[in-house]
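>>> Here is my input, please return the structure:
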Amino acid sequence: MSRVMGIVNVTPDSFSDGGRFDTAEAAVAHALALLDEGAAVVDVGGESTRPGATPVDASTERDRVVPVIEGIVAARPDTIVSIDTTKAEVAEAAIVAGATIVNDVSASLESVAADHGAGWIAMHAGGPSATMQNDPTYDDVVEEVHGFLVDAVARGQAAGVKQIWVDPGVGFGKTLEHNLDLVANLDRFTALAPVLLGVSRKRSIGDLHAASDATVHGGVPEPVPTDDRLEGSLSIATWGSFLGVDMVRVHDVRATVHAVGVIAR
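Numbering: from 1, shown residues only. The predicted structure follows:
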């Protein structure tokens, strides 16, 4: 059964819940609620990585996430916290505050994780957030992403990281067809290393909902809003769990815990 990682975005501009938890108090309360709903890990991020997002400086990002991590750990000392960042200085400050996993969209922070005894999640992204969706092109997306992650695992092992996960990066520099190819072949990645799968509420889910709505109601509607993508998010999460992914990263923790629990019985 896959573990569930709950998303805690301390940002004004994340694609689904930007601005909802952009104070330390609100973010800590949200994290504790996700834990009560069954999250095994909470993932704290202070910079949006959605397509087209504007980068923030390390100081701003650090000031957003450190008080939240400290607050979570103070309230629930046994909580597993991951820090969602691409910056070494932010990762280091988050680990000092209590994070034990580096969720690394850049797949470049293996030395930070190793030096501090933290776990490391290496993700494949098809370029920087600002431009990654401009024209994503692959000869074979599964082979290319797999090869990239093989190299990442080797670097992590060479650096001395004890716990390594891989994330194929659904929605990061990929078309809908690329995303579906990766999801269909998740067993290629679970054979390489424990897998983190993040699809919750993403554009590809909105596109799939629109296709489903067109089948049921006729016409070709636009992708549904981010807060109306639960069924598709659950479908892909349970599919990933069936194929053996170790963790699914989600907004809707309670529903996902129940869904992956059903197929584990």
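>>> So residue 208 is in contact with residue 234, correct?
No: contact criterion CB atoms under 8 Å: residue 208 and residue 234 do not qualify, at 11.9 Å. C-betas here are computed from N, CA, C, even on glycine.
>>> Now the helix or strand harbouring residue 207: average pLDDT?
Counting by DSSP states H and E, the element that carries residue 207 is helix 203-217. Regarding helix 203-217, the rounded mean pLDDT is 72.
>>> need the next SSE after it, C-terminal direction.
helix 230-242.
>>> for the protein, what helix or strand is lowest in average pLDDT?
helix 203-217 (a mean of 72; mean pLDDT, DSSP states H and E).
>>> measure the most centrally placed residue in the chain to residue 5 for me?
The structure's the chain has its C-alpha centroid closest to residue 198; by CA atoms, centre = their mean the separation is 4.3 Å. Separation of residue 198 from residue 5 (CB to CB, to the nearest Å) stands at 8 Å.
>>> what is in contact with those two at once?
248, 249, 250 (CB atoms under 8 Å, 6 or more residues apart in numbering).
>>> Could you tell me how many residues sit around the last one?
To tie it back to what came earlier, the one meant is residue 250. Using other CB atoms under 10 Å, residue 250 has 29 neighbouring residues.
>>> what about the stretch 101-250 of the chain, any weak spots by pLDDT?
For the stretch 101-250 of the chain, the stretches flagged by pLDDT under 70 are 127-132, 213-222.
>>> mind listing the strands for the stretch 101-250 of the chain?
Using DSSP state E, counting those that start in this stretch, the strands of the stretch 101-250 of the chain run over 101-104, 119-123, 164-167, 196-198, 247-250.
>>> okay, these in CSV with distance to residue 83 next?
Shown next, in CSV, are those (distance: least, CB to CB, whole Å):
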stretch, distance to residue 83
strand 101-104, 6
strand 119-123, 10
strand 164-167, 14
strand 196-198, 14
strand 247-250, 13
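>>> Just grab the bridge partners of the closest residue to residue 198 other than its chain neighbours for me.
Excluding the flanking residues, the one nearest residue 198 by CB to CB, 6 or more residues apart in numbering is residue 249, at 3.9 Å. Beta bridges link residue 249 to residue 5, residue 198 when assigned by DSSP bridges.
>>> What ranges does the chain have for its helices?
With DSSP state H, the ranges of helices along the chain come out as 24-36, 58-75, 88-97, 110-116, 141-159, 176-184, 186-190, 203-217, 230-242, 253-263.
>>> Would you convert those helices into TSV that also reports mean neighbour count and distance to residue 44?
Formatted as TSV, those follow (neighbours: other CB atoms under 10 Å; distance: least, CB to CB, whole Å):
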stretch	mean neighbour count	distance to residue 44
helix 24-36	19	7
helix 58-75	20	5
helix 88-97	21	7
helix 110-116	20	16
helix 141-159	18	21
helix 176-184	18	25
helix 186-190	19	24
helix 203-217	17	23
helix 230-242	20	20
helix 253-263	18	14
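>>> and residue 12, which of the ones you listed is closest to it?
helix 58-75 (9.5 Å; CB to CB).
>>> returning to that earlier point: what's around the residue nearest to residue 198, how many residues?
Counted with other CB under 10 Å, residue 249 comes out at 22.
>>> list the contacts for it?
Per CB under 8 Å, 6+ apart, neighbours of residue 249: 5, 7, 43, 196, 197, 198, 200.
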